[in-house]
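Colleague: generate a structure from the sequence data that follows.
(chains A and B)
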Amino acid sequence: MKKATRSTPQEQTSLAVSSPARWCGYWRGIRSQYPNLAAFVLLAGMLALLPVILRNNYQISVLNFIGLNTIVTVGLALLMGYAGQVSLGQAVFYGLGGYGAGIIAQRTGIPPFAAILGAAVVTGLIALLIGIPLLRLRGHYLAVATLGLNVIFLLIATNETDLTGGPNGLAMPGDLSLGTFIFDTDLEFYVLIWLAALAILALSLNIVNSRIGRALRAIHSSEIAAETLGVNTAHLKVQVLVLSAVYASVAGSLYAYWIGIVSPSDFSISFSIELVVMVAIGGLASIWGAIFGAAVVTLLTEFLRNLLPQLLSGASGEHQIVAFGVILVVIMVLMPEGVADKFFIRATGSLKRIRAWRKRQ
Amino acid sequence: MTPDQIFQLLIAGVTIGSIYALIALGFVVIHNVTGVINLAQGEFAMLGALLAITFTSETALFNRAFTVNLNLPLLLAIVLATLLVMGVGALVYVIVIRLSRTDSVIVQIIITIGIAIALRGVALIVWGTDPYRLPSFSEGPPLQIGTAVLTRQDIWVIGSAFALMLLLYLFFQRTMIGKSLRACSVNRTAARLMGINVSHMMLLAFVLSAGLGALAGIVIAPKTFMGYEAGTYLGLKGFVAAIVIGGLSDERGAIVGGLMLGILEILAAGLISSGYKDAIAFIVLIAVLLVQTTGILRRGTPSQGAGV
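Modeller: Residues are numbered from 1 along each chain as shown, chains lettered A, B, ... in the order given. Next comes the predicted model:
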């Protein structure tokens, strides 16, 4: 429970919103968001510049994967790091988004974006139904139950051929189009995916720095204590699960439209585990860490896939699995708090030192 | 479906169920003594089986780069394979307990997942994607019981599983080391104060579980094809078996859970649909957890917090 007590400077200031005049408090509320705002603008600027530098489709598609993973991991970080609920089945919601959008568009013929919205609503409802009983479970019981959901989902996707297309997968019924504009290049999807990711990021940062965010952290530290302080823990946990499921669903729908086909192997248990790994590398209770983790893990797998064959002659995908496992173990052994956490603490630490130095001047 | 057919399914269920029970026991022993949930447990079974196959019959390794033909006697091969996997178990102990020193459950789980991924990758490099099969332990016609058929390997599987459980029971109840292990699972601090070397006991727990897993993999290897991925589902089902009755902390619960799971799975595959065979374990698990949030046997307060 160490991690929950860690609070960054901006959180401390947002807790201290209690100045006499209300506008003053409001102003301090905005000011407390400055580091987040700055980082957000920096990220958005970087993302706007990247496609200008990279003209290579492969690199753009890697960035797309990072974006999709970011959307899912930000939700998972809210669920795991803030509400303290481990989900080893987040690929289920990603899959529901992909299959859901495909099936809805195929059966009803409504426009793609309406299908994506429909899939998100359905996924949210399913998460609600699953969450109410399952979130009573704690710790490894919840982990193994969500793992079980993933197995069941995969088997349904494989066996219900009429609905899902079975092992061959489900081809999306049409292109993703908005009015007359059709998204069909990697770059167009890059814009769409990262706009969605930025919107979800902004929303999540706001949630984390709000009353709900503090209530969630309270649940993480001690559920009983949070309850005695008037936090409706059961409601809040289900709400966060539904939110994370909707995020994952949106990412899954975008993935489905981008690739054009979804099959059961896209939503395997190893993907669920990879998502948890991304959040863990980012340091669990950190929205920025989740992006960092998504980027690191995605790049690492791509990097290993391309680099290893050059280093070791005759090396192939097999060696990549070993390297991934070993690197994962090394990271978690050396930095159980997550890589990003260490990095950010150091960064905020030096910021503090700079401020103190300026005050002395 | 005649009673004979159901009896036949029951035999198949007990056979696979005793394998789940052995793997579940591995989970429980490690969890009780060290508090770690070792998700690399299924990989022990996979490694044990593949090593035993390599020792006994001609096998092409490293993408057919070279072929080994040791042709060791079966018993020697089993002992060697089990010892090697026990060594891997010791390695897992060193990484998870000695090197990492974290007390966060989720970090420990992720470390064991990483180890499982790495072991699977190593197996993929060494043995490739081919499925392998061990020859039956003894030749001879199957036994008839009524109209049901019991193959010799079924007897080997069930017999060795129950022999192992009995040995384990005697070890825990009658030997000083076994009692020390149990003391560690009751209260590690108190055990340390009584002069028990807790870290040795933790090492022993990992080695013991690895051995159990390896033997489980070896005895089932003549009945199914073994490949680098075979450990994943064996491990997951062993985990479910360990958790569903005994809540991951009761050896008897793990055995009953394993057998029950095997029987249910085979019955469901035979009576309903074989497509959803692998889902049965998890449907049962979720159903049980919804009724009793800490496993059927486990009474008292649920463990505090997620420990994340």
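Colleague: where do the helices sit along the stretch 1-150 of chain B?
Modeller: When secondary structure is read from DSSP state H, counting those that start in this stretch, the stretch 1-150 of chain B shows helices at B:3-34, B:41-56, B:74-93, B:105-127.
Colleague: for B:A242, which of those helices is the nearest?
Modeller: Each of the helices of the stretch 1-150 of chain B has some distance to B:A242 by CB to CB; the shortest is helix B:3-34, at 3.8 Å. The C-beta positions use only the backbone N, C-alpha and C, and glycine is treated the same way.
Colleague: list the buried residues for the closest one?
Modeller: By neighbour count, and taking 16 or more other CB atoms under 10 Å in any protein chain shown as the criterion, the buried residues in helix B:3-34 are B:8-34.
Colleague: do stretch A:89-99 as well
Modeller: Of the residues in stretch A:89-99, those buried under the neighbour-count criterion (16+ other CB under 10 Å) are A:89-99.
Colleague: who wins for proximity to chain A among the helices of the stretch 1-150 of chain B?
Modeller: Smallest distance to chain A across the helices of the stretch 1-150 of chain B (CB to the nearest CB): 3.0 Å, for helix B:105-127.
Colleague: contacting residues around whatever residue of the stretch 151-300 of chain A ends up closest to chain B?
Modeller: Among all residues of the stretch 151-300 of chain A, A:N159 sits closest to chain B, at 4.2 Å; criterion: CB to the nearest CB. Under the criterion of CB atoms under 8 Å, 6 or more residues apart in numbering or on different chains, the contact partners of A:N159 comprise A:166, B:273, B:275-276.
Colleague: same check on A:A38?
Modeller: Residues in contact with A:A38 (CB under 8 Å, 6+ apart): none are found.
Colleague: which helix or which strand is home to the spatially closest residue to B:F137 that is not a sequence neighbour?
Modeller: By the measure of CB to CB, 6 or more residues apart in numbering or on different chains, the closest residue to B:F137 outside its immediate chain neighbours is B:W156, 4.7 Å from it. Counting by DSSP states H and E, the secondary-structure element that holds B:W156 is helix B:152-174.
Colleague: and the strands in chain A, which stretches?
Modeller: If DSSP state E is used as the criterion, the strands of chain A fall at A:170-171, A:176-178, A:181-183, A:261-262.
Colleague: list the contacts for the spatially most central residue of chain A?
Modeller: The centre of chain A sits closest to A:T73, judged by CA atoms, centre = their mean, with a distance of 1.8 Å. Remark: with contacts taken as CB under 8 Å, 6+ apart, A:T73 is in contact with A:275, A:278-279, A:282, A:290-291, A:293-294.
Colleague: how far away is it from A:I130?
Modeller: 20 Å (CB to CB, to the nearest Å).
Colleague: what's the spacing between B:I95 and chain A?
Modeller: Distance of B:I95 to chain A, given as CB to the nearest CB, to the nearest Å: 6 Å.
Colleague: repeat for B:N197
Modeller: For B:N197, the distance to chain A under the criterion CB to the nearest CB works out to 23 Å.
Colleague: neighbours around that residue, how many?
Modeller: As a burial measure, B:N197 scores 13 neighbours (other CB atoms under 10 Å in any protein chain shown).
Colleague: can you tell me how far it sits from B:T34?
Modeller: Here the criterion is CB to CB. By it, B:N197 lies 14 Å from B:T34.
Colleague: shared neighbours, these two?
Modeller: Both B:N197 and B:T34 lack any common contacting residue under the criterion CB under 8 Å, 6+ apart.
Colleague: re the thing from before, and the helices of the stretch 1-150 of chain B as CSV, adding distance to chain A?
Modeller: As requested, the helices of the stretch 1-150 of chain B are arranged in CSV below (distance: least, CB to the nearest CB, whole Å):
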stretch, distance to chain A
helix B:3-34, 9
helix B:41-56, 10
helix B:74-93, 10
helix B:105-127, 3
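Colleague: which among the ones you listed is found nearest to A:A83?
Modeller: Of all the helices of the stretch 1-150 of chain B, helix B:105-127 sits nearest to A:A83, with 13.2 Å by CB to CB.
Colleague: quick one, that closest one and helix B:41-56 angle?
Modeller: With axes from the mean of the first three to the mean of the last three CA atoms, to 10 degrees defining the directions, helix B:105-127 sits at 20 degrees from helix B:41-56.
Colleague: enumerate the residues of the stretch 1-150 of chain A near chain B.
Modeller: Within reach of chain B by CB under 8 Å from any CB of the partner chain, the stretch 1-150 of chain A has these residues: A:1, A:3, A:80-81, A:84-86, A:133-134, A:136-145, A:147-149.
Colleague: in helices, which of those residues fall?
Modeller: For the residues of the stretch 1-150 of chain A next to chain B, membership in helices holds for A:3, A:133-134, A:139-145, A:147-149, with DSSP state H as the criterion.
Colleague: any idea which of those is closest to B:A148?
Modeller: Distance from B:A148 was checked for each of those by CB to CB. The minimum falls on A:G148, at 31.5 Å.
Colleague: got the contact list for the closest one?
Modeller: Contacts were defined as CB under 8 Å, 6+ apart; by that measure A:G148 touches A:89, B:240, B:281-283, B:285-286.
Colleague: could you rerun that using 10 Å?
Modeller: If you count contacts by CB atoms under 10 Å, 6 or more residues apart in numbering or on different chains, A:G148 has them with A:88-89, A:134, B:236, B:239-240, B:279, B:281-286, B:289.
Colleague: B:M226 too?
Modeller: B:45-50, B:52-53, B:123, B:127, B:130-134, B:217-218, B:220, B:234.
Colleague: from A:L154, how far off is the residue nearest to A:G118 when sequence neighbours are not counted?
Modeller: Taking CB to CB, 6+ apart as the measure, A:G118 lies nearest to A:I104, with 4.7 Å between them; neighbours along the chain are not counted. Separation of A:I104 from A:L154 (CB to CB): 20 Å.
Colleague: one more: B:L83?
Modeller: Between B:L83 and A:L154 the computed distance is 36 Å (CB to CB).
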